[in-house]
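Undergrad: Structure of the sequence below:
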Amino acid sequence: MTAAFDPAAVRGRRLIDAAARASFPGRFPTDWLAGAGLRGRSGELAAAINRPARLYLERPGKMLRPLITHLLLEAFGKDPRAYREVLGAIELIEAATVSFDDIIDGSDLRRGGPATHVQYGVNRAYLAYQAAYNWAYRAFLSPALGLEQWRRDHILRTLAGEIFAYGYGQALELYWTARRREPSPEQYLAMSWDRIRFLSFNGPFRIGALLGGAGRRQLPLFERAGSWLGMAYHLHGDELNLFPRSGEWGKPLADDITCGRYTYLYLSAIARSAPGRRALLRRALGDRKISGAALKNVIDIVRASGAVEENRRMIGVFYRRAAAAVERLKLPAKYRTELLKIARYMAHDRPK
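TA: You can find the predicted model right below:
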């Protein structure tokens, strides 16, 4: 029987942990401060930007994104140690993006501790997000990578495009939430495709392929694998928010509901419930003062509606598309097998 994927024990995890911790400085280098006209401001900037930007790096997650890139580098015959800064930058971008995500969603907890905006305030959290995301670009500009210009340009262009698409998706979700404009489940999926762009894992797949030496014609297949897998991961996370499988789930139970966030799971429950229950589900959305008993009743309604089964059906659709793309990648068979193990974990098996 094939061993289950464990992100904490996977090959390369120690390298990636160290790379992530080093991806954003505790204080900006003196020469960088001088070049930016900020000589003597190191202490101020550390308090305003460096410490907030490093919060989630010091409270690490599963590191799935750099793990995927690490695996692809190996599959192409590259030594991942030569790409330490890139692996760190990928995790830095993810940490920065979820920090901003927490502001937009009104999430107070992340990875078992206070969210960045709770610990440092919204203004500093937002500045740190911007600084970290832009600092990460330095890794892809390094001459040491020896990249052909088109490969470097493709990485930078797609990173810029995806953060724009992410902002568009966030704005659309904010509009729905603030105006109580209830999207259909299908509209929600279309929005998610934009909102989770980098978080959808197409970035780590693409970067690994470009650094590894994949040709232009191969790239869309890597991107599709990451995109479909990201959608499955996202929907699985929405289910875990209501039905966590681990006592270490790092966020409050059902805060998607109490913070007023639409999900495919919840929208499917609304669509499938009888009128009375449908009204109750709509009233509960965004109710931060809802009692524990009332919240449990709402979760029970979601479960009884058949929405969990529908959510899992959709996860299966995305997972199968991702797996089909992985099977077609021109990589040694053992690496395709490892990617499929990661995919299974992300779509179905992860407990938190």
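Undergrad: Poorly predicted segments of the stretch 101-250 of the chain, please.
TA: The model of the stretch 101-250 of the chain has pLDDT under 70 over residues 197-199, 246-250.
Undergrad: Going along the chain, name the strands of it.
TA: 109-110, 113-114 (DSSP state E, counting those that start in this stretch).
Undergrad: So for residue 185, which of those strands sits nearest?
TA: For those, proximity to residue 185 was assessed by C-beta to C-beta; strand 109-110 is nearest, at 26.4 Å. C-beta coordinates here come from the backbone N, C-alpha and C atoms, glycine included.
Undergrad: what lines up beside the closest one in the sheet?
TA: strand 113-114 (antiparallel) (DSSP bridges).
Undergrad: I'd like the strands of the stretch 101-250 of the chain as TSV, with distance to residue 307 and mean neighbour count appended.
TA: Shown next, in TSV, are the strands of the stretch 101-250 of the chain (distance: least, C-beta to C-beta, whole Å; neighbours: other C-beta atoms under 10 Å):
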stretch	distance to residue 307	mean neighbour count
strand 109-110	24	19
strand 113-114	30	14
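Undergrad: Of the ones you listed, which is nearest residue 166?
TA: strand 109-110 (17.3 Å).
Undergrad: Could you measure from the closest residue in space to residue 72 that isn't next to it in sequence over to residue 202?
TA: The shortest distance from residue 72 to any non-neighbouring residue, by C-beta to C-beta, 6 or more residues apart in numbering, is to residue 208 (2.9 Å). Residue 208 is 11 Å from residue 202, where distance means C-beta to C-beta, to the nearest Å.
Undergrad: which residues are common contacts for those two?
TA: residue 222 (C-beta atoms under 8 Å, 6 or more residues apart in numbering).
Undergrad: Can you pick out the residue with more neighbours from those two?
TA: residue 208 (29 against 23; other C-beta atoms under 10 Å).
Undergrad: Let me see the contact set for that one.
TA: Residue 208 neighbours (C-beta under 8 Å, 6+ apart): 68-73, 75-76, 222.
Undergrad: do residue 68 as well
TA: Counting by C-beta under 8 Å, 6+ apart, residue 68 has contacts 201, 204-205, 208, 226, 339, 342.
Undergrad: Can I get the residues you listed in a markdown table including distance to residue 154?
TA: Below are the contacts of residue 68 laid out as a markdown table (distance: C-beta to C-beta, whole Å):
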| residue | distance to residue 154 |
| --- | --- |
| 201 | 17 |
| 204 | 14 |
| 205 | 13 |
| 208 | 13 |
| 226 | 14 |
| 339 | 21 |
| 342 | 24 |
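Undergrad: which among these gets closest to residue 54?
TA: Taking the contacts of residue 68 together and measuring to residue 54 by C-beta to C-beta, the closest member is residue 204, at 21.0 Å.
Undergrad: Surely the closest one is in contact with residue 73?
TA: No - with contact defined as C-beta atoms under 8 Å, residue 204 does not count as touching residue 73 (10.7 Å).
Undergrad: So for the two, which residue has more residues nearby?
TA: residue 204 (28 against 24).
Undergrad: Can you give the domain ranges for this protein?
TA: Domain ranges of the chain: 1-146, 150-352, per automatic domain parsing.
Undergrad: the helices in the stretch 1-150 of the chain, which residues?
TA: Using DSSP state H, counting those that start in this stretch, the helices of the stretch 1-150 of the chain run over 13-21, 30-35, 42-45, 51-54, 64-75, 84-105, 116-120, 122-141, 149-179.
Undergrad: wait, which of those is closest to residue 297?
TA: That would be helix 149-179 among these, by C-beta to C-beta, at 22.2 Å.
Undergrad: how would you label residue 278: helix, strand or coil?
TA: With DSSP: H, G, I helix; E, B strand; the rest coil as the basis, residue 278 sits in helix.
Undergrad: Nearest spatial neighbour of it, chain-adjacent residues omitted?
TA: Nearest to residue 278 is residue 270, by C-beta to C-beta, 6+ apart, at 5.4 Å.
Undergrad: chain center to stretch 113-133: distance?
TA: A distance of 16 Å separates the centroid of the chain from that of stretch 113-133, by C-alpha atoms, centre = their mean, to the nearest Å.
Undergrad: So what would you say the end-to-end distance of that stretch is?
TA: 22 Å (C-alpha to C-alpha, to the nearest Å).
Undergrad: What are the buried residues along that stretch?
TA: Judged by neighbour count using 16 or more other C-beta atoms under 10 Å, the buried positions of stretch 113-133 are 115-118, 120, 124-129, 131-133.
Undergrad: Mind listing what's buried along stretch 219-226?
TA: 219, 221-226.
Undergrad: and what of stretch 343-352?
TA: So stretch 343-352, judged by 16+ other C-beta under 10 Å, has buried residues 343-347, 350, 352.
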